[in-house]
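Visitor: Quick one, structure for this:
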Amino acid sequence: MLTVRPVRTADLPAIERLAFDSGIGVTSLPADRDRLFERIQRSNSSFEHEATAGAGYEYYAFVLVDDGQVVGTAAVAAAAGFDEPFYSYRNEIFVHASRTLRVHNRVHVLNLCHDLTGMVQLCGFYVDPAYRQLGAELLSRARLMFIAGQRLRFGKRIIAEMQGLHDEQGQSPFWNAIGRIFFDMDFPQVEQAFVTHSKSFIAELMPNYPIYVPLLPDEAQDAISQVHPDSERTCQILTREGFETDEYIDIFDGGAVLTADIDRLYTLQHSRLYRVEVVDSLPALAKTRLVGNERCAGYVAVLAASQLADNGVQIEAETAETLGVAAGAWIRVTELQLG
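Guide: Here you go, the predicted model:
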């Protein structure tokens with residue numbers, strides 16, 4: 001049975017392997033053992049922390065488990081850029097006009113900003129390629145199920161950075177056209193710097209004035225708001241949830257930044273709480289759904305057969321045991337969105 005639960009310290013070797021396999025471009029999942037350990041410890045502390053109104057330092061990391069093996073990981077940061085500004089480029093239109101020459105031009109520009117600082121952030125997502133269908137949906141949406149059950153811990157708006165375009169050698173056309181000029185570093189080098197150093201170097205080295213998009217090479221322009229093929233499945237899941245491509249892009253590779261109102265997401269709107277009824281077997285027409293308990297540190301979500309009834313939801317004993325619930329307990333249930 002595919003299961004999602006909070007990360008544990010013992011998962012470090014598996015998380016390190018997933019971080020290495022994720023390759024270039026997933027800066028929120030660094031292939032750095034010390035940083036990964038710090039994030040696991042921070043996550044453990046966050047799950048144990050008592051819920052309070054207002055988001056802060058909390059960081060919740062989850063793992064996707066199949067038969068005891070960790071095959072995916074994902075996280076939720078309660079506030080993007082809690083300790084330092086969260087930088088992005090904002091797409092804007094400048095108007096250049098001359099009444100004398102009868103010229104009126106609308107020009108696409110990029111402005112460095114930290115508008116998204118403080119928003120809830122989905123991050124650190126990577127799934128073993130063998131699990132990019134059911135496993136990816138379970139892992140991605142289980143985070144939102146957790147948010148639904150722990151609503152006090154999170155704010156109103158949520159973001160997710162999509163991995164932008166780069167080739168197998170790690171060359172990013174967007175980075176080469178802008179960032180490399182100011183950093184004199186290749187994309188993989190700056191990604192490592194982003195992981196191991198303070199993010200203040202962004203403000204120190206990146207230009208604060210507008211970047212005129214028409215002046216960029218065509219390849220760099222074409223990369224703006226694009227999503228790397230490896231992240232297309234993740235992007236599809238989030239889009240079906242209600243995330244939209246907003247006016248923001250990643251400052252490194254130009255990848256799309258998705259945004260949404262948390263309470264308008266599909267999982268938040270359509271998941272429901274039901275009383276558990278444990279049964280020996282379910283009817284043949286029972287549907288596979290995403291179900292999760294309502295705990296924090298002991299949170300568990302699974303894909304399991306269930307049967308909705310007037311007085312609750314019927315699940316089998318194995319599912320109840322995995323969720324750690326007994327008859328009469330409340331669990332959250334929502335439909336799959338496979339497509």
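Visitor: for the residue lying farthest from the centre of the chain, phi and psi?
Guide: For the chain, the C-alpha farthest from the mean C-alpha position belongs to Thr100; by CA atoms, centre = their mean, that distance is 49.8 Å. Here is the backbone geometry of Thr100 (degrees, to the nearest 10): phi -60, psi -50.
Visitor: any idea how far it is from Arg106?
Guide: The spacing between Thr100 and Arg106, counted by CB to CB, to the nearest Å, is 18 Å. Placement of C-beta: from N, CA and C, glycine included.
Visitor: next one: Gly254
Guide: Distance of Gly254 to Arg106, computed by CB to CB: 20 Å.
Visitor: the more surrounded of those two?
Guide: A direct count of neighbours by other CB atoms under 10 Å for Gly254 and Arg106 places Gly254 higher, at 27 against 9.
Visitor: I'd guessed the more buried one sits against Ile224; true?
Guide: Yes: the pair Gly254 and Ile224 passes the contact test of CB atoms under 8 Å, sitting 4.8 Å apart.
Visitor: tell me, what's touching those two both at once?
Guide: Any residue near both Gly254 and Ile224 by CB atoms under 8 Å, 6 or more residues apart in numbering counts here, and that gives Phe174.
Visitor: List the buried residues for stretch 105-122?
Guide: For stretch 105-122, burial by neighbour count (16 or more other CB atoms under 10 Å) applies to 108-116, 118-122.
Visitor: wait, which of these is closest to Phe82?
Guide: Closest to Phe82 out of the buried residues of stretch 105-122 is Gly118 (7.6 Å), distances taken as CB to CB.
Visitor: Can you tell me the closest non-neighbouring residue to the closest one?
Guide: With sequence-adjacent residues excluded and distances taken as CB to CB, 6 or more residues apart in numbering, Gly118 is closest to Ala79, at 5.0 Å.
Visitor: Spell out the residue ranges of the helices in the stretch 201-339 of the chain.
Guide: Listed in chain order, the helices of the stretch 201-339 of the chain (DSSP state H, counting those that start in this stretch) span 218-223, 232-241, 266-270, 317-323.
Visitor: so Ser140 makes contact with Thr234?
Guide: Yes: proximity of Ser140 to Thr234 meets the contact threshold set by CB under 8 Å, at 6.4 Å.
Visitor: Give me the common contacts of the two.
Guide: Counting by CB under 8 Å, 6+ apart, the common neighbours of Ser140 and Thr234 are Phe125.
Visitor: Tell me which residues touch Gln337, please.
Guide: 137, 141, 237, 240-241, 266.
Visitor: and with 10 Å instead?
Guide: Applying CB atoms under 10 Å, 6 or more residues apart in numbering to Gln337 gives the contacts 137, 141, 236-237, 240-241, 266-267, 270, 290.
Visitor: May I ask which two of those are separated the most?
Guide: With distances taken as CB to CB, the most widely separated pair in the contacts of Gln337 is Gln236 and His270, at 17.7 Å.
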